[in-house]
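> Based on what follows, work out the 3D shape:
(2 chains)
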Amino acid sequence: MEEVKNLEEIEVERFSAFDRFVHWLTAIPFVYLFLSGLGMYSPKFAWLLPFLGGKEFSAWLHKWAGVVFAVGVFLMFLRWANDFVLDSDDIRWLSNVKHYIKGEEEKLPEVGKYNAGQKIFGWMVFLGGALFLVTGIVMWFPESFPVNIVRLSILLHSLAFILVGAGFIVHVYMGTVGVPGSLSGIITGKVSALWAMHHHPKWFRQIMRR
Amino acid sequence: MATVTTEGTVGLGLRRVSASKSPDQSVKQADQLAILVDISSCIGCKACEAACSQWHDLKPPLNVGQQAFFGYQSGPGLAPNLFMYMRFQEEETPNGLVWAITKYQCMHCADPGCLKACPSPGAIVQYANGVVDFDHSKCIGCKFCLSGCPFDVPRYDANNKPWKCNFCIDRVSAGLEPMCVKTCPTNALHFGTKEEMLIRANKLLEGLKKRGFEKASIYDPPGVGGTGYIYLLPHGDKPEMYGLPKEASISPLVSLWKGPLKLIGSIVLWGTLLGAFLQLILFGPIKVGKKHKKEE
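Numbering: from 1, shown residues only, chains lettered A, B, ... in the order given. The predicted structure is shown next:
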């Protein structure tokens, strides 16, 4: 029990300053894009736009926030694409994901720095980000493209919004309430050793060996 | 834009409002209005074009200097400050070379694609008389109306606000005919209720057929529920030569986006939120130390 207490007090670095910077460079524009996009996507949420700076302003800033978001996603891709390659343990993890939802991580294969869910959300962001960028540029300059390409772009932009939006809801839940102790990793960069040992044992052993 | 009030009890009744529920149709009622363009009587004088610009205080672009060739037309097409233009196209037909001259502007669809695509409540309205109009104060400048339109009509100005023919709604609601109709020197333009205009069009159609235009037809595309501008086409088998799409309808891509995808989106996004909440209350947060407590 002593040992456990100690582990709780020891902090290990999970995300470097660059990691955190890139995360928030992407995340802050994304929150604006999500809310203003929701206001434009669904008339039921049109009331959001005045809170985001006004109807015309939020439609205008949506585009430029998208440019920053695209840069962020590109840097994320360079930083994390290798780490997010799925292996056979990840497939087993995914097929038994019900144990994770129930909080029975011990019944699952040991996880490295990222679990399969995080990796999949990463790929959703990479692919969704690329789709958002391409279709977004078409929607920004609809007079410069054939009208059916513009129509298809709006459809795909909405589809990407639904998928990445759902992933975003899960991501925020897991990062805050769902998995206590995670949030500090992306703010100060540090997590408790106990948290690391419990949720990411393979990664924890790697950093302990160093 | 129109001077007609769209809010409160004053002014014209509304049939459709973008991104909103339709108002009760039983309170304010009006006949469906229409303009019949009898292309066989049009001499291409462009008086309607000039009258339109004059009434709406527009100064259409002067196309001088290096421009792509656009022939006898005033310009290459519609512009934010050109709500309608006369379109000229030469076409070979069995009757010989034909100069197809078309008055081109917003068609005022009964089922307007622009209004369907518009995400901003009230930015596009359809009055009870069928006229489709924009309300710039409610427009967010997203340009979605361009994708909704089957006729490529709205044109955006430098401030990202769209412009188009408004059927002279200010004149019409005061009991006057639209400016283009008032000006037309050859009676190629007729204004009245849709019902009357269709009767008149059918009479003119008979005459045309007697004169040898066997393929003459009335252009009132059913794909958009009919239009507020109907055309009597001497060569009705080839509406493209008048710049009119053969099968005008709202693109299925737009219908898919505004229909099933909206429903799927609601289910997926609300479902995800509900799922996260259920995980929280049924199983609780995925905490460190659960295992250790059990071991104790």
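> Return the distance of stretch A:50-66 from the chain's centre.
Distance, stretch centre to chain centre, for stretch A:50-66: 22 Å (Cα atoms, centre = their mean, to the nearest Å).
> now swap in stretch A:90-101 and tell me
On the basis of Cα atoms, centre = their mean, stretch A:90-101 sits 19 Å off its chain's mean C-alpha point.
> Just the CA trace of it, in CSV.
Below are the C-alpha coordinates for stretch A:90-101, written out as CSV (Å, rounded to 0.1, in the frame of the first residue of the first chain):
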residue,chain,number,x,y,z
ASP,A,90,-5.1,-3.2,-30.4
ILE,A,91,-7.5,-5.4,-32.4
ARG,A,92,-7.9,-7.7,-29.4
TRP,A,93,-8.4,-4.6,-27.2
LEU,A,94,-11.1,-3.3,-29.5
SER,A,95,-13.0,-6.5,-29.7
ASN,A,96,-13.2,-6.6,-25.9
VAL,A,97,-13.8,-2.9,-25.5
LYS,A,98,-16.8,-3.7,-23.3
HIS,A,99,-14.4,-4.5,-20.4
TYR,A,100,-12.9,-1.1,-20.8
ILE,A,101,-16.3,0.6,-20.7
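> Any buried residues in it, and which?
A:90, A:93, A:94, A:100 (16 or more other Cβ atoms under 10 Å in any protein chain shown). For glycine as for every other residue, the C-beta is placed from the backbone atoms N, C-alpha and C.
> Tell me how far residue A:182 lies from chain B.
9 Å (Cβ to the nearest Cβ, to the nearest Å).
> what's near enough to touch the residue in the stretch 101-250 of chain B that chain A sits nearest to?
Closest contact between the stretch 101-250 of chain B and chain A, by Cβ to the nearest Cβ, is at residue B:140 (4.3 Å). Residues in contact with residue B:140 (Cβ atoms under 8 Å, 6 or more residues apart in numbering or on different chains) are A:40, A:49, A:55, A:56, A:58, A:59, B:119, B:120, B:123.
> May I ask which helix or strand encompasses the fourth one?
When secondary structure is defined using DSSP states H and E, the element that contains residue A:56 is helix A:55-80.
> Could you check that helix against chain B for contacts?
Yes. Interface with chain B: helix A:55-80 contributes A:55, A:56, A:58, A:59, A:60 (Cβ under 8 Å from any Cβ of the partner chain).
> between these, which has the most around it?
residue A:59 (24 neighbours; other Cβ atoms under 10 Å in any protein chain shown).
> Skipping its backbone neighbours, what lies nearest that residue in space?
Nearest non-adjacent residue to residue A:59, counting by Cβ to Cβ, 6 or more residues apart in numbering or on different chains: residue B:140, 4.3 Å away.
> where do the helices sit along chain A?
All helices of chain A, identified by DSSP state H, fall at A:2-9, A:17-41, A:48-51, A:55-80, A:88-95, A:97-101, A:116-140, A:147-173, A:183-187, A:193-199, A:201-209.
> Model confidence at the residue of the stretch 101-250 of chain B closest to chain A, what's the number?
Here the pLDDT value assigned to residue B:140 is 94.
> circling back to that earlier point, among the contacts of residue B:140, which pair sits farthest apart?
Within the contacts of residue B:140, A:58 and B:123 form the most distant pair, 14.3 Å apart (Cβ to Cβ).
> now the helices for chain B?
Using DSSP H, helices in chain B cover B:47-55, B:113-117, B:144-148, B:169-173, B:179-183, B:194-210, B:252-258, B:260-282, B:290-295.
> So which elements touch the fifth one?
Looking back up the chat, that one is helix B:179-183. Judged by 3 or more Cβ pairs under 8 Å, 6 or more residues apart in numbering or on different chains; DSSP states H and E, the packing partners of helix B:179-183 are helix B:47-55, strand B:189-193.
> if we go to 10 Å?
strand B:33-38, helix B:47-55, helix B:169-173, strand B:189-193 (3 or more Cβ pairs under 10 Å, 6 or more residues apart in numbering or on different chains; DSSP states H and E).
> hey, C-alpha coordinates of it in PDB?
The C-alpha trace of helix B:179-183 is given here as PDB (Å, rounded to 0.1, in the frame of the first residue of the first chain):
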ATOM      1  CA  MET B 179     -41.100  46.700 -63.800                       C
ATOM      2  CA  CYS B 180     -40.000  44.400 -66.600                       C
ATOM      3  CA  VAL B 181     -43.700  43.600 -67.500                       C
ATOM      4  CA  LYS B 182     -44.600  47.200 -67.400                       C
ATOM      5  CA  THR B 183     -41.800  48.100 -69.800                       C
END
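> what does it contact?
B:35-37, B:45-56, B:83-84, B:103, B:105, B:165, B:167-168, B:171-172, B:176-177, B:187-192 (Cβ atoms under 10 Å, 6 or more residues apart in numbering or on different chains).
> which residue packs closest to residue B:284, ignoring adjacent ones?
residue A:103 (6.5 Å).
> So that neighbour sits against residue B:283, correct?
Yes. With contact defined as Cβ atoms under 10 Å, residue A:103 reaches residue B:283; the gap is 5.4 Å.
> Need the residues touching each of the two.
Listed as contacting both residue A:103 and residue B:283 by Cβ under 10 Å, 6+ apart are residue A:178.
> For the two, indicate the residue with more neighbours.
Remark: of residue A:103 and residue B:283, residue A:103 carries more neighbours, 17 against 14, as counted by other Cβ under 10 Å.
> ok, now which ones touch residue A:123?
A:77, A:80, A:81, A:84, A:85, A:86, A:167.
> Show me the two of these that sit farthest apart.
A:85 and A:167 (18.2 Å).
> More neighbours: those two, which one.
Between residue A:85 and residue A:167, counted using other Cβ under 10 Å, residue A:167 has the larger neighbour count: 19 against 9.
> May I ask you to confirm that the more buried one is in contact with residue A:119?
No. Counting by Cβ under 10 Å, residue A:167 sits too far from residue A:119 to count as a contact (11.8 Å).
> Can you get me a residue count around residue A:125?
Residues within reach of residue A:125, counting by other Cβ under 10 Å, total 24.
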